[in-house]
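**Q** got a sequence here, can you model it:
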Amino acid sequence: MSHIKPLKLSAFALLALAGCSATVQAQVSTQKEFIKAPAAIVKKAPLSENELKRWSHLDLLKDSIPGMSVDKAYAELLQGKKGQKVIVGIVDSGVDIEHEDLKGMIWTNPKEIPGNGIDDDKNGFIDDINGWNFLGDAVHENLELTRIVKKGDDGSAQYKAALAQYTEKYEEALQDKQQVDFLLDVHNTIKKELNKTTYKLEDLSTITSADPKVLQSKKVMTQIFTNAGSTFDPESELKEYGEQVYDQLNYNLNKEFDGRKIVGDNPEDIKNTRYGNNIVFGPDKEKALHGTHVAGIIAQIRGNNLGGDGVTNNVEILTVRAVPDGDEYDKDIALAIRYAVDNGAKVINGSFGKSFSPHKQWVYDAIKYAAKKDVLIVHAAGNDGYNIDETKNINYPNDSEDNVKEFADNVITIGAINKQYGENVVAGFSNFGKINVDVFAPGEEIYATVPNNKYKFLQGTSMASPNAAGVAALIRSYYPKLKASQVKHILMDSGVALPSQIVLGKGENPGEKPAAVSSAESSKTAKMVNAYNALLMAEKMSKK
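**A** Residues are numbered from 1 along each chain as shown. Sure, this is the predicted structure:
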């Protein structure tokens with residue numbers, strides 16, 4: 001599974017949530033001045049359900065929550081102002097364009113007549129009304145390293161590295177299978193004892209059985225609930241965790257599985273572009289969960305008492321399905337970027353990534369094409385807890401052929417933070433790197449749309465990226481004359497500082513907490529995206 005997918009595993013790793021007191025150097029701001037990290041954070045009482053659903057929009061000073069100050073921006077900076085619509089390309093697993101909370105937010109191709117079977121706009125894609133599905137009916141895929149290993153030993157360093165990682169990941173997947181089988185057994189024991197499918201932490205305290213298996217199951221599930229938080233749903237999340245693990249063994253790491261055959265193209269030929277279809281949520285709408293969640297973070301309708309709120313409603317979501325349940329092909333990503341650019345996207349969100357990229361030049365060329373057309377690409381940093389400045393940890397696609405010098409200035413890479421400001425504010429799963437991660441945004445417990453008019457909390461840099469992309473779209477809506485590179489640097493430069501000392505990554509061993517380091521090690525900026533500050537800076541820059 002592409003490692004930018006939601007981290008269903010994190011709750012079961014039994015990681016304690018971070019604390020939230022902090023001390024940093026900075027003064028409290030006044031209105032119309034930049035929001036800065038205050039001298040001390042006083043922990044707020046536990047968040048209400050409504051606050052939890054939209055914490056990424058809250059304000060560090062007012063709410064003691066390191067959100068992006070989106071509500072403050074609307075209340076103090078955007079009242080009475082009218083922005084223009086911005087097309088945002090979502091290159092992902094597909095989007096449920098019929099979702100109740102995305103009505104009016106979906107891009108429609110003005111040059112195409114629906115359902116006539118003709119390529120009216122002569123762009124090579126027939127009836128591409130809401131975007132394009134480069135995966136056709138494909139759902140599951142190998143990891144890129146599996147595909148490399150399948151091709152056999154060609155004596156290359158890439159093959160050796162892929163084989164080493166494949167062996168390691170396969171062993172991990174077998175261990176994960178043992179864990180998930182154990183946890184499902186625990187869950188079934190509790191369900192049987194309580195005689196209910198869904199239960200909460202308080203229900204566990206009513207169990208009085210003396211059966212050793214029941215007592216052990218109660219102890220394990222209590223620990224999971226305590227560490228995973230109040231939104232944990234054992235029935236759905238354990239099921240998803242099980243699917244994730246079994247999908248790894250059955251598809252992602254299965255050398256006998258060919259997920260591409262059904263598409264009917266040659267993924268090794270970038271000129272072979274006539275493939276896929278116009279069903280942008282794919283053959284199974286439920287599998288468009290990831291892309292629908294990403295779209296919702298940016299654009300779900302604000303203030304309608306449904307689900308959460310999007311960062312901006314001045315957008316049209318253009319869906320390009322190119323990310324399977326596994327690793328994306330370089331060809332699909334390159335063509336997806338070009339498709340979004342050619343159809344007017346000014347911001348493209350890429351909540352995907354992988355460790356190997358055999359045809360990375362195709363993607364690099366597409367990024368350069370987007371740069372020429374003034375399109376900002378917002379990309380998730382990845383969920384391995386790695387320093388991606390190290391060559392062995394490169395997260396593709398990137399904007400540097402040597403992992404140091406950028407070849408374009410239109411890609412911004414986003415790490416993830418959680419809702420508790422302090423030395424643990426950077427999510428333990430988030431990749432980092434003072435060269436290759438630009439800035440951080442909310443990415444833990446983010447509530448947004450999922451297929452079939454449902455909503456869900458998900459986490460990952462997959463969620464941080466669209467939060468940042470939403471702010472980018474907000475800037476491009478109200479300050480359309482600013483260039484993509486200017487918007488990128490506004491997002492970076494206007495951010496609120498991380499605490500001076502922070503914990504990065506997961507640690508070498510399970511349960512081991514890394515030591516705190518200087519926040520300068522985290523990213524280029526050591527900052528968190530802030531919509532209020534970004535709009536103030538955009539206003540200033542647009543007047544120059």
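
**Q** name the element the nearest residue to residue 201 once chain neighbours are set aside belongs to?
**A** By the measure of C-beta to C-beta, 6 or more residues apart in numbering, the closest residue to residue 201 outside its immediate chain neighbours is residue 225, 4.1 Å from it. All C-beta atoms are positioned from the backbone trio N, CA, C, and that covers glycine. Using DSSP states H and E, the element containing residue 225 is helix 212-228.

**Q** may I see the buried residues of the next helix or strand after that helix?
**A** Sequence order places helix 234-247 as the next helix or strand after helix 212-228, per DSSP H and E. The neighbour-count check on helix 234-247 (16 or more other C-beta atoms under 10 Å) flags 234, 237-238, 240-242, 244-245, 247 as buried.

**Q** just for the protein, where's the confidence low?
**A** Flagging of the chain using pLDDT under 70 yields the residue ranges 1-31, 39-43, 510-511.

**Q** change it to 80
**A** 1-32, 38-45, 229-231, 507-512, 544 (pLDDT under 80).

**Q** show me where it has its strands.
**A** With strands called from DSSP state E, the chain shows them at 86-92, 131-133, 315-321, 347-350, 376-380, 411-417, 439-442, 446-450, 454-458, 496-497, 501-502, 517-518, 527-528.

**Q** in JSON lines, list those along with distance to residue 51 and mean neighbour count.
**A** Below are the strands of the chain laid out as JSON lines (distance: least, C-beta to C-beta, whole Å; neighbours: other C-beta atoms under 10 Å):
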{"stretch": "strand 86-92", "distance to residue 51": "26", "mean neighbour count": "28"}
{"stretch": "strand 131-133", "distance to residue 51": "34", "mean neighbour count": "29"}
{"stretch": "strand 315-321", "distance to residue 51": "24", "mean neighbour count": "27"}
{"stretch": "strand 347-350", "distance to residue 51": "25", "mean neighbour count": "31"}
{"stretch": "strand 376-380", "distance to residue 51": "25", "mean neighbour count": "30"}
{"stretch": "strand 411-417", "distance to residue 51": "16", "mean neighbour count": "29"}
{"stretch": "strand 439-442", "distance to residue 51": "13", "mean neighbour count": "30"}
{"stretch": "strand 446-450", "distance to residue 51": "11", "mean neighbour count": "27"}
{"stretch": "strand 454-458", "distance to residue 51": "13", "mean neighbour count": "20"}
{"stretch": "strand 496-497", "distance to residue 51": "19", "mean neighbour count": "21"}
{"stretch": "strand 501-502", "distance to residue 51": "24", "mean neighbour count": "20"}
{"stretch": "strand 517-518", "distance to residue 51": "30", "mean neighbour count": "14"}
{"stretch": "strand 527-528", "distance to residue 51": "18", "mean neighbour count": "26"}
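
**Q** hmm, back to that, could you check the angle the helix holding residue 225 makes with helix 234-247?
**A** Between the direction of helix 212-228 and that of helix 234-247, the angle (axes from the mean of the first three to the mean of the last three C-alpha atoms, to 10 degrees) works out to 90 degrees.

**Q** how close does the residue most central in space within the chain sit to residue 150?
**A** Residue closest to the mean C-alpha point of the chain, counted by C-alpha atoms, centre = their mean, is residue 462 at 0.5 Å. With the distance defined as C-beta to C-beta, to the nearest Å, residue 462 ends up 27 Å from residue 150.

**Q** same check, this time on residue 36
**A** Distance from residue 36 to residue 150, by C-beta to C-beta: 52 Å.

**Q** between these two, who's got more neighbours?
**A** More neighbours sit around residue 36 than around the other of residue 36 and residue 150, counting by other C-beta atoms under 10 Å; the figures are 18 against 15.

**Q** does the more buried one touch residue 494 like I think?
**A** No - using C-beta atoms under 8 Å, residue 36 and residue 494 do not qualify as a contacting pair, with a distance of 11.0 Å.

**Q** quick revisit: residues touching the residue nearest to residue 201, list them.
**A** Applying C-beta atoms under 8 Å, 6 or more residues apart in numbering to residue 225 gives the contacts 200-201, 204, 232.

**Q** nearest residue to residue 539 other than its sequence neighbours?
**A** For residue 539, ignoring the flanking residues on the chain, the nearest one in space by C-beta to C-beta, 6+ apart is residue 479 at 7.2 Å.

**Q** CA atoms of stretch 331-343 as CSV?
**A** The C-alpha coordinates for stretch 331-343 follow below in CSV (Å, rounded to 0.1, in the frame of the first residue of the first chain):
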residue,chain,number,x,y,z
LYS,A,331,3.2,7.0,-16.1
ASP,A,332,-0.3,7.6,-14.5
ILE,A,333,1.0,10.3,-12.2
ALA,A,334,2.8,12.1,-15.0
LEU,A,335,-0.3,12.0,-17.2
ALA,A,336,-2.6,12.9,-14.3
ILE,A,337,-0.6,16.1,-13.5
ARG,A,338,-0.6,17.1,-17.2
TYR,A,339,-4.4,16.4,-17.4
ALA,A,340,-5.1,18.6,-14.4
VAL,A,341,-2.9,21.4,-15.7
ASP,A,342,-4.4,21.3,-19.1
ASN,A,343,-7.9,21.5,-17.7
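
**Q** hang on, residue 417 packs against residue 66?
**A** Yes - counting by C-beta under 8 Å, residue 66 is a contact partner of residue 417 at 6.0 Å.

**Q** joint contacts of the two?
**A** 425, 442, 528.

**Q** residues near residue 189, how many?
**A** Residues within reach of residue 189, counting by other C-beta under 10 Å, total 20.

**Q** contacting residues around the nearest residue to it once chain neighbours are set aside?
**A** Among residues not flanking residue 189 along the chain, residue 217 sits closest, at 4.1 Å (C-beta to C-beta, 6+ apart). With contacts taken as C-beta under 8 Å, 6+ apart, residue 217 has the following neighbours: 185-187, 189-190, 193.

**Q** which of those residues sits closest to residue 321?
**A** Top of the list for closeness to residue 321, among those and by C-beta to C-beta, is residue 187 at 32.7 Å.

**Q** separation between the closest one and residue 195?
**A** Summarising the geometry, the distance separating residue 187 from residue 195, computed by C-beta to C-beta, is 14 Å.

**Q** repeat that for residue 45.
**A** 34 Å.

**Q** re earlier: how near is the residue nearest to residue 201 to residue 165?
**A** Distance, residue 225 to residue 165, using C-beta to C-beta: 33 Å.

**Q** again with residue 103
**A** From residue 103 across to residue 165, the span is 43 Å (C-beta to C-beta).

**Q** ok, now which ones touch the nearest residue to residue 106 once chain neighbours are set aside?
**A** Of all residues beyond its chain neighbours, the one nearest residue 106 is residue 97 (4.7 Å), with distances taken as C-beta to C-beta, 6+ apart. Neighbour list for residue 97: 106, 130, 280-281, 317, 319 [criterion: C-beta under 8 Å, 6+ apart].
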